[in-house]
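**Q** Model the structure of this input:
(one chain, ligands or ions: 2)
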Amino acid sequence: MAKQGYIISIFGTKGGVGKSIISLNLGIDIARETGSQVALIDLDLSLNGDLEMLLGMTSSKSLAELIPLLDSIDGSMLRSFLSTHSSGLTLIPALRDHREISLITEKVSRQFLSLCARTFDYTVIDCGSSFTPVSMATLDCSNLILLISQADFLSLHQTVKTLSYLRIHHFPKEKIEVILNNVHPKIKKDDRTINSTLRRPVLELLPSSPDTVGTSIIRREPFVLSAPRSLLSRKVGEVTLQCLKKLPKLPNIDFRISRTEVASPTAVDTRPHMDAATDSDTKKLQVSEREDLINQIKKSIHESLIDRLDLRKLDVETGSDPEKAKR
Ligand SMILES: Nc1ncnc2c1ncn2[C@@H]1O[C@H](COP(=O)(O)OP(=O)(O)O)[C@@H](O)[C@H]1O
Ligand SMILES: [Mg+2]
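**A** Ligands and ions are numbered 1, 2, ... in the order given. Okay, the predicted model is just below:
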């Protein structure tokens, strides 16, 4: 049977939460921990180029340049077009010139990820922060999706919305994990506010470490290599171990068109080879999406009423005594 490596996507709808930094350091840490071939793909199409800058190296070919060869090359030919960092990581930017953006389609993404899975033991993807047909196809082709957020209310709220969007689009819950980055080192995983907002456990909290991150950016040296004993590097190490433990238990990927995209109206519009899905199939999915959405709205109204009741109860218990309220 052909080799099928694992694909891990790093995603999150907020910018500046650490997706690129985590993708890079996680990729290197997986290569170090497993001693295997790891590819890191910069698929953040809006701001491509961060990873080459953070790693201080230029990859030999971008995905856009490889497109004409995708039908004819195998894993060893792919490798011959790419340069590998001393850490064992092979970095592949999607494009170098923003005018190439229209070349990166869902079909290209699926075809390229399938080739990567046959070539590398692990492929880590910086998926950026937008829901587009390409990012949806990429997430669909991933064994594991790591959603990156911060611990502030707005970031958590966006993550809740992202989780619900992925659920509506039929992404299995077990292949999604949430990581909170740049958090105060005293915040713990069982924090009440975080857990009541997300309503699911967090895989890991990565501490705010401006010195470690700042130095690594200036020196263009990923912190898992330059500061392996820092708290941040050790926490990334824990993410690596948890991912390695979880990946073999997750289902294999089907790189062909999936139900996820059939359910996405934008994807339907842009896919000529989607004729197999009939109008009635599409309508049925749209109706079930609407029902999902209505149930979701009902649920959040119900939950916000419960939250308010809890707050009133707190008022009654503490009265107007500010000292009591602090306890
Ligand atoms: N754990 C952290 N501690 C301190 N600063 C961080 C941490 N993670 C990220 N940052 C800061 O956040 C900035 C944005 O990170 P980046 O990976 O580019 O985010 P994204 O890819 O989500 O837009 C970085 O330049 C860095 O200064
Ligand atoms: Mg980024």
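**Q** Check which element follows the longest strand seen in the chain along the chain.
**A** Counting residues, the longest strand in the chain under DSSP state E turns out to be strand 176-183. Sequence order places helix 192-198 as the next helix or strand after strand 176-183, per DSSP states H and E.
**Q** Given the following helix or strand past that following helix, what are its sheet partners and their directions?
**A** Using DSSP H and E, the helix or strand that follows helix 192-198 towards the C-terminus is strand 204-207. Strand 204-207 has the following sheet partners, assigned by DSSP bridges: strand 176-183 (parallel).
**Q** can you list contacts of the strand it pairs with?
**A** Contact with strand 176-183 is made by 17-18, 21-22, 144-151, 159, 163, 166, 187, 194, 198, 200, 202-208, 239, 242, 246, as judged by Cβ atoms under 8 Å, 6 or more residues apart in numbering. For the C-beta atoms, the positions are set from N, CA and C on the backbone; glycine is no exception.
**Q** And it, how far out from the chain middle?
**A** 10 Å (Cα atoms, centre = their mean, to the nearest Å).
**Q** With stretch 49-69 instead?
**A** The gap between the average C-alpha position of stretch 49-69 and the chain average comes to 19 Å, counting by Cα atoms, centre = their mean.
**Q** could you give me the average pLDDT of it?
**A** Summarised as a single mean, pLDDT over stretch 49-69 is 90.
**Q** What residues of that stretch count as buried?
**A** For stretch 49-69, burial by neighbour count (16 or more other Cβ atoms under 10 Å) applies to 49-52, 54-55, 57, 59, 61-67.
**Q** hmm, who's touching that stretch?
**A** Here stretch 49-69 has contacts from 20-21, 23-24, 40-44, 73, 77-78, 81-83, 85, 89-97, 100, 103-104, 108, 112, 126, 216-217, 220-222, using Cβ under 8 Å, 6+ apart.
**Q** neighbours of Ile30, just the number please.
**A** Neighbourhood size, Ile30 [other Cβ atoms under 10 Å]: 29.
**Q** And the next helix or strand past the host helix or strand of it?
**A** Ile30 belongs to helix 19-34 when assigned by DSSP H and E. Later in the chain than helix 19-34, the nearest helix or strand by DSSP H and E is strand 38-42.
**Q** elements contacting that next one?
**A** When contacts are defined as 3 or more Cβ pairs under 8 Å, 6 or more residues apart in numbering; DSSP states H and E, strand 38-42 packs onto helix 19-34, helix 50-55, strand 89-93, helix 106-119, strand 122-126.
**Q** export stretch 34-43 as PDB, just CAs?
**A** Coordinates of the C-alpha atoms in stretch 34-43 are reproduced here as PDB (Å, rounded to 0.1, in the frame of the first residue of the first chain):
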ATOM      1  CA  THR A  34      10.300  11.400  15.300                       C
ATOM      2  CA  GLY A  35      13.500  11.800  13.300                       C
ATOM      3  CA  SER A  36      11.300  11.800  10.200                       C
ATOM      4  CA  GLN A  37      10.700  13.900   7.100                       C
ATOM      5  CA  VAL A  38       8.400  16.800   7.800                       C
ATOM      6  CA  ALA A  39       7.000  19.300   5.200                       C
ATOM      7  CA  LEU A  40       5.800  22.700   6.300                       C
ATOM      8  CA  ILE A  41       3.500  24.400   3.800                       C
ATOM      9  CA  ASP A  42       2.800  28.100   4.000                       C
ATOM     10  CA  LEU A  43      -0.800  28.200   2.700                       C
END
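**Q** what pLDDT, on average, does that stretch get?
**A** Per-region confidence: stretch 34-43 scores 96 on mean pLDDT.
**Q** try stretch 113-133
**A** Per-residue scores along stretch 113-133 average to 96.
**Q** do the same with stretch 215-226
**A** Averaging pLDDT along stretch 215-226 yields 96.
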